[in-house]
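Chemist: Structure for the following, please:
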Amino acid sequence: MTMVKGEGGLARGSRAKRDDLSGQIWRSRADYLYVMPAIVVMLVVIAYPIYYTVELSFFKTPPGLQLRDKSFVGLENYIAILTSAVFWRVTLNTVIWTVASTLIAFVLGLALALALHREFVGRGMLRGIFIVPWVISAVAASYIWKWIYHSDFGILGVMLMQLGLVDRPPNFIDNVSTVLASLIVVNIWREFPFAMIMMMAGLQTVPEQLLRAAQVDGASAWQRFWHVTFPHLRGVSTVTILLLAVANFNSFIIPWIMTGGGPANASHIWITHIYELAFGRQRWGVASAYSVLLFTILMTLGYFYVRALTGGDRREAAR
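Modeler: Prediction:
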């Protein structure tokens, strides 16, 4: 009897919660009407393309045919990708590109932020000069660096010859062994000003009193940085590294304009390879499967990253 009453109470409680939720939605109906246009746009621009990409990944679309001529092949596209040597080569390129560009750009930006945080004559001018690579159009910067790296007319090759370091102008972006490193240099040149600006903003939050107290106590410059400055920069550092990593994962302009993924797929990363498969070879099914697979990988990494970020907050709340 007691159990029956308990179950009845739970049922009434559930109904009451549903009724209360329905009442809240009804009372807030005007608010939902205001955001409805944005929701519709998001469904059309984001949700439907994701759904169609997932659906198309299970179909074969021969080059030259219309999408209506597609044929269902199940997981064949995914199997073809995972068993392809090109996929693993492009994946390795993407990992090297992302990790190297993110870490080096962050470290360089942090070093310059620390150097420019001190007051000296010409500090404002130097700040403006270092920001220039970030404000230049990525397309314009790619073409400029493409000419700088040119094997016949590039200024970099001429300078190396005049310094006696090489006998002839090297092929920076036409050589399989040097092309990826050359592109990473360009990407770092483009991105380090962003890291510098973020870290300069973070340095404004470091209490000067703590730095003076540490200096009075005999702490060295490295000890003051590691024990006083860097703890106050952890939050902005995490955000900066995350933004740089996401930008590099989705970087397209520099590798595509400068090399188009060549030579011999040596500079292809995920985004450029997907673009070539879809719009170059018109292999829409394979490109869609590639996109779904990489989307899943990135979402998985993002999940663990968010868990790592919120772990500290949960521990603080538990205290």
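Chemist: Is the residue nearest the centre of the chain in a helix, a strand, or coil?
Modeler: Nearest to the geometric centre of the chain sits residue 246, at 1.2 Å (Cα atoms, centre = their mean). Assigned with DSSP: H, G, I helix; E, B strand; the rest coil, residue 246 falls in the helix class.
Chemist: Would you mind listing the buried residues in stretch 119-132?
Modeler: Across stretch 119-132, burial judged by 16 or more other Cβ atoms under 10 Å covers 127, 130. Any C-beta I mention is one placed from the backbone N, CA and C, and that applies to glycine too.
Chemist: quick one: contacts of it?
Modeler: 112, 116, 192-193, 196-197 (Cβ atoms under 8 Å, 6 or more residues apart in numbering).
Chemist: one more time with 7 Å, if that's ok
Modeler: For stretch 119-132, the external contacting residues (Cβ atoms under 7 Å, 6 or more residues apart in numbering) are 112, 116, 193, 196.
Chemist: What about these, which one has the most neighbours?
Modeler: The residue in the contacts of stretch 119-132 with the most neighbours, by other Cβ atoms under 10 Å, is residue 196 (26 neighbours).
Chemist: ok, it - contacts?
Modeler: Contact partners of residue 196, counting by Cβ under 7 Å, 6+ apart, are 109, 112-113, 130.
Chemist: What helix or strand is residue 177 located in?
Modeler: Under the criterion DSSP states H and E, no helix or strand holds residue 177.
Chemist: and it, how many residues sit next to it?
Modeler: Using other Cβ under 10 Å, residue 177 has 8 neighbouring residues.
Chemist: Among the contacts of residue 196, which ones are in helices?
Modeler: Within these, residues falling in helices by DSSP state H are 109, 112-113, 130.
Chemist: Considering those residues, which is situated nearest to residue 266?
Modeler: Checking those against residue 266 with Cβ to Cβ, the nearest one is residue 109 at 27.5 Å.
Chemist: Grab the nearest non-local neighbour of the closest one.
Modeler: Closest residue in space to residue 109, ignoring its immediate chain neighbours: residue 195 at 2.6 Å, by Cβ to Cβ, 6 or more residues apart in numbering.
Chemist: The contacts of stretch 119-132: which two are farthest apart?
Modeler: Comparing every pair within those by Cβ to Cβ identifies 116 and 193 as the most remote, at 11.2 Å.
Chemist: Which residue ranges of the stretch 51-200 of the chain form helices?
Modeler: Ranges of helices in the stretch 51-200 of the chain, per DSSP state H, counting those that start in this stretch, are 76-82, 85-117, 123-135, 138-148, 155-162, 179-203.
Chemist: Quick one: mean pLDDT for the third one?
Modeler: Taken as a whole, helix 123-135 carries a mean pLDDT of 88.
Chemist: what do you get for the longest one?
Modeler: Per-residue pLDDT values across helix 85-117 average out to 91.
Chemist: where's that helix relative to the chain centroid, distance-wise?
Modeler: Here helix 85-117 is found 10 Å from its chain centre; the criterion is Cα atoms, centre = their mean, to the nearest Å.
Chemist: on contacts alone, who are the packing partners of it?
Modeler: Contact partners of helix 85-117 among helices and strands, from 3 or more Cβ pairs under 7 Å, 6 or more residues apart in numbering; DSSP states H and E: helix 123-135, helix 179-203, helix 230-249, helix 270-275.
Chemist: Ok, which of the ones you listed comes nearest residue 71?
Modeler: Among the helices and strands packed on helix 85-117, the nearest to residue 71 by Cβ to Cβ is helix 270-275 (21.2 Å).
Chemist: Which strands or helices does the closest one pack on?
Modeler: Other helices and strands packing on helix 270-275, by 3+ Cβ pairs under 7 Å, 6+ apart, are helix 85-117, helix 253-258, helix 284-318.
Chemist: Go ahead and name everything in contact with that helix.
Modeler: Here helix 270-275 makes contact (Cβ under 7 Å, 6+ apart) with 90, 94, 250-252, 255-256, 261, 287, 290-291, 294.
Chemist: let's see it at 8 Å
Modeler: 86, 90-91, 94, 249-252, 255-256, 260-261, 265, 287, 290-291, 294.
Chemist: Narrow these to those that are buried.
Modeler: Buried residues within the contacts of helix 270-275, counting neighbours by 16+ other Cβ under 10 Å: 90-91, 94, 249, 251, 255-256, 261, 265, 287, 290-291, 294.
Chemist: Redo these as CSV? Include distance to residue 172.
Modeler: Output for the buried ones among the contacts of helix 270-275, formatted as CSV (distance: Cβ to Cβ, whole Å):
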residue, distance to residue 172
90, 20
91, 23
94, 20
249, 24
251, 18
255, 14
256, 17
261, 16
265, 17
287, 29
290, 28
291, 30
294, 28
